[in-house]
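Asks: Need a 3D model of the following:
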Amino acid sequence: MHHLFTSAILSLIIFLSSTAHLQAVEICQYFSCNKHRHDTIQFPFRVPRNQTIRCGYPGFDLSCNSNGGTLLKLPSSNSSDPLVVQGIDYSYQLLWISDPKKCVPNRILNMDLNLTGSPYGLGPDSAEYSFLNCTNDNLGDPNSPIPGGTSVVSCLSGGNFTVVVTAEKVLEEKMVGDLKCEMIKRVVAPLWWPEFGYGSYPDDMSDIFIQLSWDIPGCRDCVIRGGSCGFAGDSGLSVGCFLSGGNGGLPLSVKYGLILGAGIPGLVCMIGLTFYISGRVRAYHQHRRHVNSEVSPAIYPQPIILTMGLDGPTIESYPKTILGESRRLPKPSDGTCPICLSEYEPNETLRSIPECNHYFHADCIDEWLRMNATCPLCRNSPQKSSS
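Replies: Residues are numbered from 1 along each chain as shown. I've put the predicted structure just below:
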């Protein structure tokens, strides 16, 4: 019984430990700063005010503003204004952000996009851009518009000058040579707009996006496989992939509820069955002890009575008969000695037992009676036997 009870307790500890570990890696649910938007914040990102520390990887903290926007604050940023998160692609590990003042080039030129100390890097669509300051006198001629492949930056332009930007060296040289524009700065920046990659530039490069990427933690393959990425345990930075059975599978939170809903009743049944079996085993052993106590006298050693054979004078007192040629006994009897199974022969000496009148060879019955005080045939004890 003690062994069964110990097994039940051990099973309970193992089950609670496994569910505690499961809870540690699955406590996080997707979150959104704006309930009207379908994009969600998930690992490695987290919102500290709404999610626990194990819901996100270090350095990926986000926040929400009063308008339902998602904000990102870079640790080395010179500006007190955080950037606005416009989109996150978890399968490619890309992040698009914008300037709340709608002037991304200003942050680029003022080195306000310092990624030092952050887990982010420049996006894969980064390019080298040339910012130029052109006077309106040269740009104001309708017959001399800015060439294609360039964009104005209205948030940096003034009353008598216009800031333009281009990523093409030929256009940069043309604007410097023909339009007398002055070079402001040439920088490598991850600028991005919805039509990026189609060979077209926006008319105004002010309110565009900045494209960032991250490599650690690497959850790309997990997301592509339809799983949920998260910490593999309740401590450390090891990351695991928790598959939910494909696109049609149940969410992890639902599976966690099912495990608890089915596991706890199952564990209770197992413990109940363990106690039931232990009770039956205990009752069986009690019954055995009770039966043994009742029948124990029957198995106690009983007194043994030893019966010895007859003494010599008693044996000699039994009558002898010498068999004649006819081999006929005084009383009809078998013609064979019951002890040696040999037929009687003439002149052989026979002895009989008076009580039963059974005949034997004298030598055979004498030897028998010295060891046994009973007749070999009828087992009757002679009256003069000694015990």
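Asks: Sketch out the low-pLDDT regions of the stretch 101-250 of the chain for me.
Replies: Across the stretch 101-250 of the chain, the ranges flagged by pLDDT under 70 are 140-145, 199, 244-250.
Asks: ok, now how distant is the closest residue to residue 228 other than its chain neighbours from residue 361?
Replies: Distances taken as C-beta to C-beta, 6 or more residues apart in numbering place residue 242 nearest to residue 228, at 4.8 Å, with adjacent residues excluded. In short, each C-beta sits where N, CA and C put it, glycine included. Distance of residue 242 to residue 361, given as C-beta to C-beta, to the nearest Å: 101 Å.
Asks: Same question for residue 30.
Replies: Going from residue 30 to residue 361 by C-beta to C-beta gives 112 Å.
Asks: Over to residue 341?
Replies: Taking C-beta to C-beta as the measure, residue 341 falls 10 Å from residue 361.
Asks: Pick out whichever of the two has more residues nearby.
Replies: Neighbour comparison, residue 341 and residue 361: the larger count goes to residue 361, with 21 against 8 (by other C-beta atoms under 10 Å).
Asks: The closest residue to that one other than its chain neighbours and residue 367: what is the separation?
Replies: Leaving out its chain neighbours, the residue that sits closest to residue 361 by C-beta to C-beta, 6+ apart is residue 337, at 4.7 Å. For residue 337, the distance to residue 367 equals 12 Å [C-beta to C-beta].
Asks: need the contact list for the residue nearest to residue 361.
Replies: Applying C-beta atoms under 8 Å, 6 or more residues apart in numbering, we find residue 337 in contact with 343, 344, 360, 361, 364.
Asks: Write the PyMOL selection for whichever of the residues you listed are buried.
Replies: To isolate the buried members of the contacts of residue 337 in PyMOL, using 16 or more other C-beta atoms under 10 Å:
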select buried, resi 344+360+361+364
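Asks: Return the subset of the contacts of residue 337 lying in helices.
Replies: Using DSSP state H, the members of those that fall in helices are residue 364.
Asks: Nearest to residue 147 among the contacts of residue 337?
Replies: For these, the closest approach to residue 147 (C-beta to C-beta) belongs to residue 364, at 146.6 Å.
Asks: What confidence value was assigned to the closest one?
Replies: pLDDT, residue 364: 93.
Asks: swap in residue 95?
Replies: For residue 95, the pLDDT comes out at 94.
Asks: That one sits in which helix or strand?
Replies: According to DSSP states H and E, residue 95 maps onto strand 94-98.
Asks: moving C-terminal of that strand, what's the next helix or strand?
Replies: Remark: after strand 94-98, the chain's next helix or strand is helix 104-109, criterion DSSP H and E.
Asks: How about residues contacting that next one?
Replies: Contacts of helix 104-109 with the rest of the structure, by C-beta under 8 Å, 6+ apart, involve 79, 98-99, 112-113, 129, 131, 153, 155-156, 163, 165, 184-185, 187, 189, 191, 205-210.
Asks: With stretch 166-178 instead?
Replies: If you take C-beta under 8 Å, 6+ apart as the criterion, stretch 166-178 is touched by 127-130, 132, 134, 146-147, 149-151, 164, 181-183, 201.
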